Structure formats: C-alpha cells, structure tokens
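**Student:** return a 3D structure for these sequence lines:
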Amino acid sequence: MEHLSLYELNKTIGEVLAKNLDPSYWVVAEIGQMQTNQKGHCYLELVEKDDHQIKAKTRATIWSYTYRNLSTWFHGITGQSLKPGMKILFNATIQYHEIYGFSLNIRDIDAQYTLGERAKKRQEIIAQLEEDGIFDMNKELKLPIVPQRIAVISSETAAGYGDFMNQLNENDFGYSFNVKLFNSVMQGDQAESIIISSMHQVFEEIENIDLLVIIRGGGASLDLDCFDSYDLGSHIAQFPLPVITGIGHERDETIADMVAHTKMKTPTAVAEFIISGCRNFELKLNDSFTTMTNALQVSVERENSIIDQLSFKFQRFAEQKLNEQDNILNHQIQSLRFSKQNALTINKQLLDGFSQTFSKQPFQVLKNQHELLNHFEKELAVLDPENVLKRGYSLTKVDGKNINNFDEIASGSTITTITKKLEINSKYQSSKKRK
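**Tutor:** Numbering: from 1, shown residues only. Below is the predicted model of the structure:
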C-alpha cells in the first residue's frame with residue numbers, strides 16, 4: 001500500500017495551500033489571548049464567537065518589528081492598545097509549517113474598523129439601556145439642596161481623588177463636608193466588577209449618604225473601557241441616589257457619564273459643582289433674609305406711621321372730649337348750686353305750708369275720719385246674717401256646712417234651712433237647675 005510520512009503529508013498540505021490561496025486575506029476576529037515575548041514578538045489566539053460560544057479558533061503571530069510599528073500606530077488612532085476581548089480587522093498571510101502547523105502571520109490592522117466596532121458596541125449598550133427604560137432614571141432624581149454627606153468611589157492613590165478632596169476641603173466659603181471613600185480599582189479588567197461592588201457597599205449605608213460621586217481623573221481612552229459596559233451603566237442608572245461622575249478628559253464621554261445624574265469633566269469640576277450648589281443655596285437664603293428684612297422694615301415703618309396718625313387723632317379726640325366733659329361738669333356744678341338753692345327755698349315753702357295746714361285743720365281731719373268709720377259700721381250691720389234673716393231671707397247648709405257649689409251635693413245628704421224663727425232639716429234626693 002502506498003503511504004506518506006507525516007512530514008510529507010504536512011509539506012503537501014503546505015504546498016497545496018500555497019498554490020490555491022491568495023497571498024493574504026483581510027479577516028475579522030476577536031483577540032482571545034495575547035502575549036509578547038522578550039524579543040518583542042506578539043502571539044495571539046484569535047477566536048470567533050456565536051452567542052459567547054467559540055465556533056472558530058486559530059493562532060496568529062505579529063513579528064516584533066511589525067508589532068512595534070502596528071501597536072504604536074493603532075494606539076495613536078484609537079487611543080487604546082491591542083488587548084484581549086477586542087475585535088479587529090487584520091490582513092494576514094496563511095502559513096502551514098510542517099512542525100507548528102497552521103497559523104496566521106498578521107501584517108496590518110485596520111484601526112478604523114476597531115473604532116467603528118467600539119462605537120457600535122457603545123450604541124448597542126445605549127439602545128439596550130433605553131429599551132430597558134432605565135437610561136434616564138438617575139437623572140430624574142432630585143439633587144439634595146445642600147449635599148454634605150458624600151460617598152466617593154475612586155482609588156485612594158489616584159491624583160484625581162486628591163484633587164477632589166483638596167478642592168472640596170479648601171473652598172473659599174468654609175463649607176464642611178463629610179466624605180467617605182469607597183476604595184476601588186478604576187481601570188483594567190477587574191475595574192467594572194469592583195466599582196459595582198463598591199456601589200453595593202454605598203447602598204448598604206444609603207441612609208447616611210446624600211450623594212454618590214464616581215471619579216478617576218485623566219488617562220488613556222483604553223482605561224475608560226470599564227465605564228462603557230452595560231452592567232455598570234445599568235447600576236448607575238438605577239442607583240437610588242443622584243450620581244455625579246468626573247471620569248477622564250474633557251473630550252471623553254462614557255456610558256457611565258451618560259446615565260449619571262450629572263456629568264462633570266474632571267474630579268475638580270465635581271468638587272466645584274458641589275460647592276457651587278451649597279453657595280447658590282446660601283445666596284438664595286441670604287436673598288430671602290434680605291427680602292424678609294426689607295419687607296419687615298417697610299411693614300414696621302408703615303405701622304409706625306399709622307400708630308403716629310392714630311395717636312395724634314386720639315390725642316386731639318381726648319382733648320376735645322375732656323374739654324366737653326369739663327364744660328358739662330362746670331354746667332352741672334352751676335346747675336346743682338342753683339338747684340340746691342331753689343330746692344331749699346321750695347322745701348321751706350312746703351314746710352311752711354304743711355305747718356300752717358296741720359296747725360289749722362287737725363280736728364277737722366279727725367272728724368272726717370270718725371264720720372267715715374260710722375258709715376262703714378252701718379254698712380257692716382246691714383250685711384250681718386241675723387239682719388238678713390230678719391228681712392225674710394234664709395240660710396241653707398248641707399250636712400252642717402256652708403257650700404258654694406250645689407252640684408257637689410250627694411244624694412241622701414241632710415239639708416238644713418235656717419230662717420228667722422225656724423231650723424228645718426230635710427233629706428236631699430234630687431235637684432233641677434232653673435232656666
């Protein structure tokens with residue numbers, strides 16, 4: 001049976017590939033792994049994924065001279081270095097070595113494609129946040145009027161954090177702030193998960209915090225990749241406290257900036273923003289005090305003017321009334337003096353008249369009273385029952401008693417009839433009223 005050695009087979013494969021393939025191809029792939037050796041050669045593992053599942057994988061090499069030029073040029077255009085997880089469009093030749101097998105030799109990389117992929121990925125994340133209805137949630141929260149309890153997520157050794165604290169503590173107005181740092185890694189592959197963990201720690205102390213600040217200062221655009229993730233963006237968007245960011249340079253705007261309540265350019269600008277909020281409140285408070293003081297002063301002056309007018313009117317009114325009462329009193333005094341003199345004269349005349357009357361007519365008065373008594377005595381005698389009986393009238397009693405209402409006489413009662421000479425007793429049977 002005819003057969004080939006492994007070397008002959010691999011060499012044949014290489015020759016067939018060389019004859020039938022183009023000199024080079026432009027290929028899209030994701031960097032799965034990447035490392036450089038001491039000589040400057042870059043070795044990569046390139047992959048293609050479908051729903052996070054690897055469906056193709058191969059080795060690739062960028063030789064040191066090419067890698068040095070490509071990496072510098074790529075960073076100058078994109079602002080970031082080649083790294084695992086990055087999707088690139090590259091030009092490569094296909095090599096098949098009898099010992100090392102199949103590999104790609106990368107000769108060029110299209111930096112514009114990587115920029116486009118990054119922008120595309122950002123837009124997809126932004127669209128997902130909007131579709132989830134959380135993109136503007138943090139912006140809808142109200143900033144505290146005077147934030148004094150501030151949580152800061154940053155690196156303790158970062159220059160940006162130091163700038164923030166210096167600006168905050170050395171403000172020109174003497175404002176005091178209670179700042180608590182939640183130390184975090186702010187760049188690299190672990191930054192996203194550590195920042196989210198720090199946010200969870202802040203949430204556990206939310207009752208003692210007014211505001212959350214996320215700052216990191218300047219750096220390469222590559223260092224800001226962690227702030228362009230969906231997970232961190234969604235955590236910031238849904239955080240129950242207003243979030244203020246100060247990430248990167250003025251030209252950078254991350255997804256974290258977009259979903260935060262307020263985006264500032266630098267950590268120093270964040271500190272100035274907080275200080276200016278306190279200052280604006282103080283100015284408004286001073287304006288309110290000034291307005292109230294002026295209004296109170298105007299009101300007091302107006303009331304004092306009214307009081308002065310009323311006091312003047314009351315004084316004149318009192319003087320007028322006192323004069324009137326004084327005139328009335330003087331008139332009454334004069335009247336009393338005149339009336340007293342007249343009363344004495346009149347009473348003296350009356351006494352004199354009574355004296356004359358009593359001295360002349362006492363006996364006549366007694367005589368008249370005696371005659372009046374005799375007249376009453378005669379009238380009483382006429383009404384005496386004995387005299388009435390003598391004139392032919394009779395007196396009737398029922399059971400020995402005088403009665404006024406004959407309707408009350410019971411059948412069988414004893415009726416006594418008294419005349420001048422007789423006393424007649426009889427039994428009562430009935431009576432009839434006369435018409």
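**Student:** which strands and helices sit next to the top helix by length along the chain?
**Tutor:** As assigned by DSSP state H, the longest helix anywhere in the chain is helix 267-360. Helix 267-360 makes packing contacts with helix 159-169, strand 211-217, strand 243-247, strand 262-264 when contacts are defined by 3 or more CB pairs under 8 Å, 6 or more residues apart in numbering; DSSP states H and E. For glycine as for every other residue, the C-beta is placed from the backbone atoms N, C-alpha and C.
**Student:** starting at the chain centroid, how far to it?
**Tutor:** Distance of helix 267-360 from its chain centroid, counting by CA atoms, centre = their mean, to the nearest Å, is 47 Å.
**Student:** pipe the helices and strands packed on helix 267-360 into CSV and attach distance to residue 429 per row.
**Tutor:** Shown next, in CSV, are those (distance: least, CB to CB, whole Å):
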stretch, distance to residue 429
helix 159-169, 130
strand 211-217, 121
strand 243-247, 124
strand 262-264, 125
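**Student:** and of those, who's closest to residue 325?
**Tutor:** Counting by CB to CB, residue 325 lies closest to strand 211-217 out of the helices and strands packed on helix 267-360; the figure is 74.8 Å.
**Student:** what helices and strands are in contact with the closest one?
**Tutor:** strand 149-154, helix 159-169, helix 191-204, strand 243-247, helix 267-360.
**Student:** how close does residue 106 get to residue 43?
**Tutor:** Look at residue 106 and residue 43: by CB to CB, to the nearest Å, they are 11 Å apart.
**Student:** which one of the two has more residues nearby?
**Tutor:** residue 106 (23 against 15; other CB atoms under 10 Å).
**Student:** ranking the helices and strands packed on strand 211-217 by burial, who's on top?
**Tutor:** strand 243-247 (a mean of 27; mean count of other CB atoms under 10 Å).
**Student:** any idea of the angle it forms with strand 211-217?
**Tutor:** Counting by axes from the mean of the first three to the mean of the last three CA atoms, to 10 degrees, strand 243-247 lies at 10 degrees to strand 211-217.
**Student:** what would whichever helix or strand comes after strand 243-247 look like as CSV? C-alpha coordinates only.
**Tutor:** Helices and strands here follow DSSP states H and E; after strand 243-247, the next one along the chain is helix 255-259. Taking Å, rounded to 0.1, in the frame of the first residue of the first chain, the C-alpha atoms of helix 255-259 are listed here in CSV:
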residue,chain,number,x,y,z
ILE,A,255,-21.8,55.5,29.1
ALA,A,256,-21.4,55.9,32.8
ASP,A,257,-21.4,59.7,32.2
MET,A,258,-24.5,59.5,30.0
VAL,A,259,-26.7,57.7,32.6
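**Student:** ok, residues contacting helix 255-259?
**Tutor:** For helix 255-259, contacts defined as CB atoms under 8 Å, 6 or more residues apart in numbering pick out 122, 125-126, 129, 134-139, 214, 227-230, 232-234, 236-237, 245, 247, 263.
**Student:** point to the residue nearest the middle of this protein.
**Tutor:** Relative to the mean C-alpha position of the chain, the nearest C-alpha, by CA atoms, centre = their mean, is the one of residue 142, at 11.1 Å.
**Student:** contacts only, for residue 190.
**Tutor:** Listed by CB under 8 Å, 6+ apart, the contact set of residue 190 is empty.
**Student:** hang on, the earlier thing: possible to save the helices and strands packed on helix 267-360 as a markdown table with mean pLDDT and distance to residue 352?
**Tutor:** Below are the helices and strands packed on helix 267-360 laid out as a markdown table (pLDDT from 0 to 100; distance: least, CB to CB, whole Å):
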| stretch | mean pLDDT | distance to residue 352 |
| --- | --- | --- |
| helix 159-169 | 92 | 114 |
| strand 211-217 | 91 | 111 |
| strand 243-247 | 93 | 116 |
| strand 262-264 | 93 | 115 |
